[in-house]
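Visitor: model this:
(one chain, ligands or ions: 1)
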Amino acid sequence: MCGIVGAVAKRPVAKLLIDGLKKLEYRGYDSAGVAVVDGECHLKRLRVVGKVRELENAMHAHPLHAQTGIAHTRWATHGAPTEQNAHPFTSHDEFALVHNGIIENHVDLREQLTKEGYQFHSETDTEVAVHLIHRYFSQTQDLLSAVRQAASELKGAFALGIISKQHPHRIIAVRQGSPLVIGKGQGENFIASDPLALLSLTQNFIYLEDNDIADITLNGVEITITISSE
Ligand code: GLU
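Guide: Coordinates of the predicted model:
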């Protein structure tokens, strides 16, 4: 097991994300990473093999000034525990995604996406998800609908957190078989695999159910359902 933390806020989130990941260390992991949309709407990402402490050190060397971000501790299931295979994954520097769980049909999806010209930079099952989102977003320019369409193609167990540089104050979260909770704050909102990660930020939680997709902004959380992949 491993962990996800995400935050949309009007204050810097990098430290909040690291503190949240530290609370999830008990779940076990082999690598850790964080991606943010910074004040200039650029996606920035840091990943390390090893402890959250090392991610924190990397962040001291390369500070991430941002008010929206997602973070992850990885328990490798597909692909060795390397920096290349650590989450978050990106597509065309536009989207970043973290994933808990296993995407069972990743081989077929990778083949399709490769034929369409997508380049893969990891050996993970996860990376297909971020490229699928890019593919659908390119068609519709609608982030929620792109994530919904992508999620409906994924088989397996997953919790996903997605940020986009075109939507700097927004996280889309999906739950299918892997736990994910939303923490509601005042003018800020959070996601995590376990409410424990967010207890210092809020006591107000919404537990996502299977097939839920959540559109999370500074002042709102809208939950709808993904199309079932059955
Ligand atoms: N299956 C994914 C991977 O190997 C996610 C593992 C996890 O849940 O940390 O990267």
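Visitor: which residues does the residue of the chain found nearest the ligand contact?
Guide: Of all residues in the chain, the one sitting closest to the ligand is C2 (3.4 Å; CB to the nearest ligand atom). Any C-beta I mention is one placed from the backbone N, CA and C, and that applies to glycine too. Going by CB atoms under 8 Å, 6 or more residues apart in numbering, C2 touches 24, 27-29, 72-75, 100, 193.
Visitor: restricted to strands, list those residues.
Guide: 72-74, 100 (DSSP state E).
Visitor: most neighbours out of these, which is it?
Guide: H72 (32 neighbours; other CB atoms under 10 Å).
Visitor: what's the pLDDT at that residue?
Guide: Looking at H72, its pLDDT stands at 98.
Visitor: can you check T226 too?
Guide: 84.
Visitor: correct me, but it touches Q176?
Guide: Yes: between T226 and Q176 there is a contact under CB atoms under 8 Å: 7.0 Å.
Visitor: neighbour-wise, which of those two wins?
Guide: Neighbours per residue (other CB under 10 Å) separate T226 from Q176, with Q176 holding more: 24 against 19.
Visitor: part of a strand, is that one?
Guide: Yes: per DSSP: H, G, I helix; E, B strand; the rest coil, Q176 lies within a strand segment.
Visitor: hey, what's it bridged with?
Guide: F158 (DSSP bridges).
Visitor: what sits against it?
Guide: Residues counted as contacts of Q176 (CB under 8 Å, 6+ apart) are 101, 151, 154, 156-159, 210-211, 226, 229.
Visitor: repeat that for 7 Å
Guide: Residues counted as contacts of Q176 (CB atoms under 7 Å, 6 or more residues apart in numbering) are 151, 157-158, 210-211, 226.
Visitor: try L55
Guide: Counting by CB under 7 Å, 6+ apart, L55 touches 18, 32-34, 46, 48.
Visitor: so G20 makes contact with A192?
Guide: Yes: taking CB atoms under 7 Å as the definition, G20 is a contact partner of A192 at 6.0 Å.
Visitor: shared neighbours of the two, which are they?
Guide: Any residue near both G20 and A192 by CB under 7 Å, 6+ apart counts here, and that gives 5, 198.
Visitor: distance from the chain centre to stretch 52-70, please.
Guide: Stretch 52-70 sits 15 Å away from the centroid of its parent chain (CA atoms, centre = their mean, to the nearest Å).
Visitor: again but with stretch 151-171, I slipped
Guide: Centroid displacement of stretch 151-171 relative to its chain, using CA atoms, centre = their mean, is 6 Å.
Visitor: what's near enough to touch the closest residue to Q166 other than its chain neighbours?
Guide: Nearest residue to Q166, sequence neighbours excluded (CB to CB, 6 or more residues apart in numbering): E94, at 6.8 Å. E94 sits next to 134, 164-166 when contact means CB under 7 Å, 6+ apart.
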